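Asks: starting from these lines, generate the structure:
(chains A and B)
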Amino acid sequence: MSGRLFPNALHVARREYLVRVRGRAFVITTILLALAIAAVTLVPTILAAVGVADPAQIAVDVQADDLTSDPVLTIQAALAIGINPSADPAAEPGEDESIEQRPRVRHAEDPEVAAQRVRDGELDALVTITRDAEGELAFEYLGSASPTNQTRLLITQAATALAIGDRLEREGIGPQESAEIFEPPAFTATPVDAGDVRDAEDFGGAFILAYAVVILTFMAILTYGNWVAQSVAEEKSGRVMELLITAATPRQLLTGKVLGTGAAGLTQYVAIVAAAIIGFMATGPISNALGVSEQSPITLPDLDATMLLALGAFFLLGFILYSTLYAAAGSMVSRIEDVQQAVGPLIFLSMAGYFASFTGLNDPDAGWVGVLSLVPFFSPYLMPARMLLTSVGIGEVLLALALLAATLLAAIWLASRIYSAGVLLYGQRVGIRTIWRASRVSR
Amino acid sequence: MSLVVDSITKRFGDVVALDGVSFSVEPGRIFGLLGANGAGKTTSMRIVLDILRADAGRVTWRGAENISLPRRTWGYLPEERGLYPRMLVGEQLRFFAALYGVPDATGRAEIDDWLEQFRIPDYRERKVEELSKGNQQKIQFIAAILHDPDVLIMDEPFSGLDPVNVRLLKEAFLAMRDRGKTLIFSTHQMETVEELCESIAIIDRGRVVVSGAVRDVKRAMGRQVVRLATDGDGHGVEWLTQIPGVELTTQREDYVELHVPADRDPGTILRAALERGHRVTRFEIAEPSLEEIFVEHVGRRAIDESEEHLATSNRKGTA
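Replies: The predicted structure follows:
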């Protein structure tokens, strides 16, 4: 007897959802995660307000007094460009600060006093510019910063620019001419696809969004898939399974379990994402209240409805595909302790997709990324990343979705079969072959 | 039209769990499924319920094959007790009622009625894990019958219950039978079977060794049991064995038990005792108990089986 999927699957889903979201563990975890995310979004503002993220304070002691341009301005400019990333889209996303504050670079009135202030921690660095015996500019950096410190790296760049300008000047090339020499050439990148609208401004935001989508998908599969497997194993080891399997068909139970757990997982996700959005929106008012100037570090690309729909479809189908198989894995073990072992291959598979997509994010146009983004178990990671970072033809997206949906149907069939046999087999380790044999004569 | 189990066979790998099991149960009756541990009772039940599919054979209820019947036809109390430990009793029962398609209002009323009948009405808002084993078992029984099934199948329903609860459950059984329901249960307690069951089947190693109405099963044993106690000390019982056809089976301090073939008159024993001048304090003619029948069938079966096994391996050797 096959039995209609609904309403029994909904009864199962409803029970699963309520038990899950009413659980103390769920409530506490969700609240903690939401608070953590909200805190992360607000940390830069708060740090700025309490002065931890104060702009760099640099003193410059110019002993080479024949310089035509003021090195203070050059260093100031170098630091300002480095710290304000919106002028430089190639900057690493994680390194930017959300608060634009101009670094303060000043002439050191008294080098001795300035050096002492650096030692006392009042100044970040003292840069001394001298001219050596051969007439070259020499720079001395006094400060406690590590070699990878951003301020120090930027000052090094400024020093290089100053030295080159100085050499050119000594060769008789004035500032006006040298500026012309270092003028960047006209460089226009023309995409092959006319519809490709990747502009530099949005790319940083799209990149971060792609990372976020991949990570969120991975976490959902890993966490909530595991819930499904745990819950099936609990029913089996607690022996309530025999009552269930008499009252409902394996397909109803399986579908209900995946839907109910998925809905609980999404509830948690909505809470976390809402906390993040509230955090971002609160940044402005809080900055104003604390008297800190604020500036949004990234601009998210505009997402049209089609894109959102496609991202949602890949997330949901991918999640359901994995959790259906997690349910089958859970039905194969007799004890909850054995769940981790049974879901091992699935964890491996989802990790493979996750890491592949991370490599793929750096080179989204690569051929292998294109191929893998169509393969069902990987497409939930790779296709959204490609869609955000490159321009993908609608045909390719639909093909990936169709393959994913077809695999899902096959997985439901396979999982129901494993489940119907697995839930009644108890033993130390139920092998896949035993289950397959048993399932041929089960419903 | 009855429940007919028609030569079902089921293998698990190399193990033959059921080997052509057949029996039938009349509607509105209580039926006992007896057998040693591992005989195939649970597998038979699961096949009737269509949780498992037989390799061969079929099961029909009122002429319709079980695989075409809706699930609410059956109620099932599995041998392994299990409920959701952290769910409230009332919520849990409503969940099972919903799975069987019972409207929520009807379900609630039924739940209250049954909790009342089992004298645990205030357990509705308690978590299952807070209940004693016996009470959990009662909850599970309610879960199995909330949808008012035509056939109720129970695996060892009485095990682990105290005498008061056994009595409550027996009353529930009889009440259901009086409402025209068909009940099938397995047990090791032969007195319970004698008390409740109109007919039985004894399964041993995947085969039905005897089945039918309890009365017929007993008659088919072809003998009567006589219990005799005499007053007077010192005299032995050897004289009893000299009576033709009489077999001394048990010698207890308070009485002796004898087997007499069905075609013999047990009265000869009484007459012989009186002739010898004994004062007879107890003389009782009875049918063999189900326990005796069970031990005899299952025991003999075990011997047959090993001989058969030998024969099979010999045949294999010559082939």
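
Asks: up against chain A, what does chain B have?
Replies: Contact residues (Cβ under 8 Å from any Cβ of the partner chain) of chain B with chain A: B:10, B:12-13, B:46, B:49-55, B:67-71, B:74, B:76, B:78, B:80-87, B:95-96, B:98-100, B:140, B:143-144. Every C-beta, even on glycine, is put in place using the N, C-alpha and C of the backbone.

Asks: residue ranges for the helices of the stretch 101-250 of chain A, please.
Replies: Remark: helices assigned in the stretch 101-250 of chain A by DSSP state H, counting those that start in this stretch are A:111-119, A:150-170, A:175-181, A:200-237, A:241-247, A:250-290.

Asks: same question but for chain B, I mixed them up
Replies: Here chain B has its helices, by DSSP state H, at B:41-48, B:89-99, B:104-117, B:133-145, B:163-178, B:190-196, B:214-220, B:238-241, B:267-275, B:290-318.

Asks: just the closest residue of the stretch 201-319 of chain B to chain A, please.
Replies: Per Cβ to the nearest Cβ, B:Gly206 is where the stretch 201-319 of chain B lies closest to chain A, at 15.6 Å.

Asks: look up phi and psi at B:Ala54.
Replies: Dihedral pair for B:Ala54: phi -70, psi 150, per degrees, to the nearest 10.

Asks: scratch that, A:Val371
Replies: According to degrees, to the nearest 10, A:Val371 has phi -70, psi -50.

Asks: also A:Thr148?
Replies: Backbone torsions for A:Thr148, taken as degrees, to the nearest 10, come to phi -100, psi 0.

Asks: from chain B, how far off is it?
Replies: 52 Å (Cβ to the nearest Cβ, to the nearest Å).

Asks: now do A:Leu308
Replies: A:Leu308 is 35 Å from chain B, where distance means Cβ to the nearest Cβ.

Asks: point out where the stretch 201-350 of chain A drops to low pLDDT.
Replies: Within the stretch 201-350 of chain A, the stretches with pLDDT under 70 are A:201-202, A:290-302.

Asks: what's the neighbour count on the spatially closest residue to B:Leu196 that is not a sequence neighbour?
Replies: Nearest residue to B:Leu196, sequence neighbours excluded (Cβ to Cβ, 6 or more residues apart in numbering or on different chains): B:Ile30, at 5.0 Å. The local packing of B:Ile30 (other Cβ atoms under 10 Å in any protein chain shown) involves 24 other residues.

Asks: okay but A:Asn117 is in contact with A:Leu123, surely?
Replies: I think there's a mix-up here, since residue A:117 is Arg and not Asn. Yes: shown here, A:Arg117 and A:Leu123 form a contact pair, counting by Cβ atoms under 8 Å, at 4.6 Å.

Asks: the more surrounded of these two?
Replies: Comparing A:Arg117 with A:Leu123 by other Cβ under 10 Å, the one with more neighbours is A:Leu123, at 22 against 17.

Asks: ok now do the more buried one, which residues does it touch?
Replies: A:Leu123 sits next to A:57-59, A:114, A:117 when contact means Cβ atoms under 8 Å, 6 or more residues apart in numbering or on different chains.

Asks: need the overlap of contacts for A:Arg117 and A:Leu123.
Replies: Taking Cβ under 8 Å, 6+ apart as the criterion, A:Arg117 and A:Leu123 both touch A:Ala59.

Asks: quick one: low-confidence ranges for the stretch 101-250 of chain B?
Replies: Scanning the stretch 101-250 of chain B for pLDDT under 70 picks out B:232-235.

Asks: again, 90 this time
Replies: B:119, B:121, B:133-134, B:159-161, B:187-191, B:194, B:205, B:210, B:214-250 (pLDDT under 90).

Asks: kindly provide the distance from the residue in it positioned nearest to chain A to B:Val128.
Replies: Distances between the stretch 101-250 of chain B and chain A by Cβ to the nearest Cβ are smallest at B:Ala143, namely 6.1 Å. B:Ala143 sits 10 Å away from B:Val128, going by Cβ to Cβ, to the nearest Å.

Asks: and those two? Which one has more around it.
Replies: Per other Cβ under 10 Å, whichever of B:Ala143 and B:Val128 has more neighbours is B:Ala143, with 27 against 22.

Asks: can you name the residues that contact that one?
Replies: A:243, B:83, B:92-93, B:96.

Asks: do A:Phe314 as well
Replies: Taking Cβ under 8 Å, 6+ apart as the test, what A:Phe314 contacts is A:217, A:379-380, A:383-384, A:400-401, A:404.

Asks: before we move on, what about A:Leu346?
Replies: For A:Leu346, the contact set (Cβ under 8 Å, 6+ apart) comprises A:225, A:322, A:325-326, A:329.

Asks: can we see that at 6 Å?
Replies: By Cβ atoms under 6 Å, 6 or more residues apart in numbering or on different chains, the contact set of A:Leu346 is A:Leu325.

Asks: show me what counts as buried in the helix or strand harbouring it.
Replies: Using DSSP states H and E, A:Leu346 sits within helix A:339-362. For helix A:339-362, burial by neighbour count (16 or more other Cβ atoms under 10 Å in any protein chain shown) applies to A:339, A:342-343, A:346-347, A:350, A:353-354, A:356-357, A:360-361.

Asks: just the C-alphas of that helix, formatted as CSV.
Replies: Output in CSV follows, covering the C-alpha atoms of helix A:339-362 (Å, rounded to 0.1, in the frame of the first residue of the first chain):
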residue,chain,number,x,y,z
VAL,A,339,25.1,7.9,13.7
GLN,A,340,28.3,9.7,13.1
GLN,A,341,29.8,6.7,11.4
ALA,A,342,26.8,6.2,9.2
VAL,A,343,26.7,9.8,8.0
GLY,A,344,30.5,9.8,7.3
PRO,A,345,30.2,9.4,3.5
LEU,A,346,27.7,12.2,3.3
ILE,A,347,29.8,14.6,5.4
PHE,A,348,32.7,13.7,3.1
LEU,A,349,30.6,14.5,0.0
SER,A,350,29.4,17.8,1.3
MET,A,351,32.9,18.8,2.4
ALA,A,352,34.2,18.0,-1.1
GLY,A,353,31.6,20.4,-2.6
TYR,A,354,32.4,23.0,0.1
PHE,A,355,36.1,23.1,-0.5
ALA,A,356,35.7,22.8,-4.3
SER,A,357,33.6,25.9,-4.2
PHE,A,358,36.1,27.8,-2.1
THR,A,359,38.8,27.1,-4.7
GLY,A,360,36.2,28.0,-7.3
LEU,A,361,35.4,31.3,-5.8
ASN,A,362,38.9,32.6,-6.7
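
Asks: got the angle for it vs helix A:200-237?
Replies: 170 degrees (axes from the mean of the first three to the mean of the last three Cα atoms, to 10 degrees).

Asks: distance between helix A:339-362 and the chain's centre?
Replies: Its chain's C-alpha centre lies 16 Å from the corresponding centre of helix A:339-362 when counted by Cα atoms, centre = their mean, to the nearest Å.

Asks: B:Lys218 contacts B:Glu287, doesn't it?
Replies: Yes: counting by Cβ atoms under 6 Å, B:Glu287 is a contact partner of B:Lys218 at 4.3 Å.

Asks: more neighbours, these two?
Replies: Here B:Lys218 and B:Glu287 are compared on neighbour count by other Cβ under 10 Å; more neighbours surround B:Lys218, at 21 against 17.

Asks: just to revisit the earlier point, how about TSV for the contacts of B:Ala143, with neighbour count and distance to B:Val25 added?
Replies: What follows is the contacts of B:Ala143, written out as TSV (neighbours: other Cβ atoms under 10 Å in any protein chain shown; distance: Cβ to Cβ, whole Å):
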residue	neighbour count	distance to B:Val25
A:Leu243	24	22
B:Leu83	22	28
B:Gln92	25	30
B:Leu93	25	27
B:Phe96	27	24
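
Asks: buried ones in stretch B:105-116, by neighbour count?
Replies: Result for stretch B:105-116 [16+ other Cβ under 10 Å]: buried residues B:107-108, B:110-111, B:114-115.

Asks: torsion angles phi and psi at the residue in chain A positioned nearest to chain B?
Replies: Distances between chain A and chain B by Cβ to the nearest Cβ are smallest at A:Arg239, namely 2.8 Å. The phi/psi pair for A:Arg239 (degrees, to the nearest 10) reads phi 60, psi 10.
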